[in-house]
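Participant: coordinates for the following, if possible.
(one chain, ligands or ions: 1)
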Amino acid sequence: MHPDSRSISRFFQGLAEVCPVGQLEHFHLIHWPIEPPSPLDPLREAGFRGRVVVARASLADAIRREHPGVDLVLDDHPTAGAMAGHLLMELPQGREASRLAIDAALAALRDEESRLWLFGNRESGILSVSKGYDGVETVLCKGHLRLLSLSRGSRLRSEKTVLRSFAPGADGFASLEAAGLRVALRPGIFSWQAIDPATLLLLEAIREQPGRRLLDWGCGSGFLGAALARRFPDLRVVLSDDLVTATHCARRTVEWNGLAERCEVITEDGIGRNLERMRFDAIVTNPPAHRGVRSNHDATLTFLASAAGVLHPGGVLWLVGSRGLDYGTLMRSRFGQVEERDGDDAFTVWRGVKTREKRVSGSGGRVRDGQWLEADGADPAFRDRLNAWGRGS
Ligand SMILES: C[S@@+](CC[C@H](N)C(=O)[O-])C[C@H]1O[C@@H](n2cnc3c(N)ncnc32)[C@H](O)[C@@H]1O
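Facilitator: Got it, this is the predicted structure:
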């Protein structure tokens, strides 16, 4: 369970009593939910005036919306490369990603007085950090959330337990050979140790060139978009993802494979300012079903409501998802000729076409906690199906 809004507020109010909030130079957020309460409210009330560094475009958009005027940077380094006196950071998900982020944060501390203030809940592994490092102090514990304090000298107790499988090159990326491609990976992105079987299933299902312009939405490492660009030499591909680390990897993947001229990589939440101005013949996606450690379909549902808007008439959406999730029902209210094109015991590949009959007015709006927020953006049929889907999933 993610902490409820009351315990989040209590935690950040408590934080202001144990941590020198006015001296925090950076505050780094990675997977934090975009819905209120924002941890920034109590922090700003307690005098925080530092820079907010966010690792996701959706977080940057939410903070710009709710806290205009905040000094904000989109970066996956906890201080965006700067040195810091005091730094407050969300613990990323996963052992290797946590270790990398903590190392980067400790290396960014300016002197012996500087502190890394690290917060997270049990699901994100905060307890193993409190046990696994020397020189770490637990300074606040409210509900599922904990705040740890580390200094420049804090060290991991046993090197053996972590980073067993992450062996980066000098540029910081690990590489994997798959489908004739060299794929760039880093901990923190989806399926960073191997190509996901659902993604492979989708790649195999696409046997003919999907037009001239393709969008790989939620591209992660860039494997899918790059593999299709390699397979079809006159295909132009836009690869987009919300997560900065993912688009860093995707950019490296297309460069490593000599595809940069035909592939553009964009960091963006859903179909945002950049993508909405573009038009495609096809979209491929293995869409997100989680945010951090939490199961969450909001980004995918929002995307499904507006995906047809960036397709040319006759354009095709290819989507692979868990067999237990009926994406077809939602696709049918936005696309025609929706069919299961492939599948196995675990996953289904769906294909839908943008047809004239399914043209609907408005494509805006957002989904939060499985429910439609801005009713004007969706046709009633889609909204009703989506709200039912959100409750059932
Ligand atoms: C299931 S993963 C698939 C990754 C990659 N396509 C693959 O097959 O390995 C879903 C991807 O969607 C991205 N994502 C999550 N929320 C998003 C959003 N709001 N907008 C764009 N991408 C998002 C995640 O960062 C993740 O890379």
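
Participant: can you tell me the closest non-neighbouring residue to Ala346?
Facilitator: Leaving aside its sequence neighbours, Ala346 sits nearest to Arg323 (C-beta to C-beta, 6 or more residues apart in numbering; 5.8 Å). Every C-beta, even on glycine, is put in place using the N, C-alpha and C of the backbone.

Participant: does the one you found touch Val349 like I think?
Facilitator: No - the pair formed by Arg323 and Val349 falls short of the contact definition of C-beta atoms under 8 Å, at 10.5 Å.

Participant: these two: who's more crowded?
Facilitator: Neighbour totals were compared for Arg323 and Val349, and Val349 leads with 23 against 13 (other C-beta atoms under 10 Å).

Participant: I'd guessed Arg56 sits against Asp269; true?
Facilitator: Yes - Arg56 lies in contact with Asp269 (C-beta under 8 Å); the separation is 7.3 Å.

Participant: any idea how far Cys308 lies from Leu319?
Facilitator: Just to correct that, residue 308 is Ala rather than Cys. Note on Ala308: its distance to Leu319, by C-beta to C-beta, to the nearest Å, is 12 Å.

Participant: which one's more surrounded, those two?
Facilitator: Leu319 (27 against 23).

Participant: which strand residues bridge that one?
Facilitator: Thr285, Trp350 (DSSP bridges).

Participant: give the contact list for it.
Facilitator: Residues near Leu319 by C-beta atoms under 8 Å, 6 or more residues apart in numbering: Leu202, Val284, Thr285, Asn286, Pro287, Tyr327, Met331, Val349, Trp350, Arg351, Gly352.

Participant: what bridges to the nearest residue to His144 once chain neighbours are set aside?
Facilitator: Excluding the flanking residues, the one nearest His144 by C-beta to C-beta, 6+ apart is Asn121, at 4.1 Å. Bridge pairing for Asn121 (DSSP bridges) gives the partners Leu145.

Participant: number of residues surrounding Asn121?
Facilitator: Residues near Asn121, counting by other C-beta under 10 Å, number 22.

Participant: what's the spacing between it and the ligand?
Facilitator: Per C-beta to the nearest ligand atom, to the nearest Å, Asn121 is found 20 Å from the ligand.

Participant: I'd say that residue and Leu145 touch.
Facilitator: Yes - Asn121 is within contact range of Leu145, at 5.3 Å (criterion: C-beta under 8 Å).

Participant: next, the buried residues of stretch 291-307.
Facilitator: 291-293, 296-307 (16 or more other C-beta atoms under 10 Å).

Participant: what about that stretch and the ligand, any contact?
Facilitator: Yes - using C-beta under 6 Å from any ligand atom, stretch 291-307 reaches the ligand at Ala299.

Participant: quick one: that stretch to chain centroid distance?
Facilitator: Distance, stretch centre to chain centre, for stretch 291-307: 10 Å (C-alpha atoms, centre = their mean, to the nearest Å).

Participant: oh, and call the first residue 18 from now on, that's how I've got it
Facilitator: Yes, from this point I'll number from 18; that puts the last item at stretch 308-324.

Participant: and that stretch, C-alpha only, in PDB?
Facilitator: Included here for stretch 308-324 are C-alpha records, laid out as PDB according to Å, rounded to 0.1, in the frame of the first residue of the first chain:
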ATOM      1  CA  ARG A 308       4.400   3.500 -11.300                       C
ATOM      2  CA  GLY A 309       7.300   2.700  -9.100                       C
ATOM      3  CA  VAL A 310       6.400  -0.400  -7.100                       C
ATOM      4  CA  ARG A 311       2.700   0.300  -7.300                       C
ATOM      5  CA  SER A 312       0.300  -1.200  -9.800                       C
ATOM      6  CA  ASN A 313      -1.100   1.800 -11.800                       C
ATOM      7  CA  HIS A 314      -2.800   2.000 -15.200                       C
ATOM      8  CA  ASP A 315      -3.500   5.800 -15.300                       C
ATOM      9  CA  ALA A 316      -0.900   6.600 -17.800                       C
ATOM     10  CA  THR A 317      -2.000   3.900 -20.100                       C
ATOM     11  CA  LEU A 318      -5.700   4.700 -19.800                       C
ATOM     12  CA  THR A 319      -5.000   8.400 -20.500                       C
ATOM     13  CA  PHE A 320      -2.900   7.400 -23.500                       C
ATOM     14  CA  LEU A 321      -5.600   5.100 -24.900                       C
ATOM     15  CA  ALA A 322      -8.100   8.000 -24.800                       C
ATOM     16  CA  SER A 323      -5.900  10.200 -27.000                       C
ATOM     17  CA  ALA A 324      -3.800   7.800 -29.000                       C
END
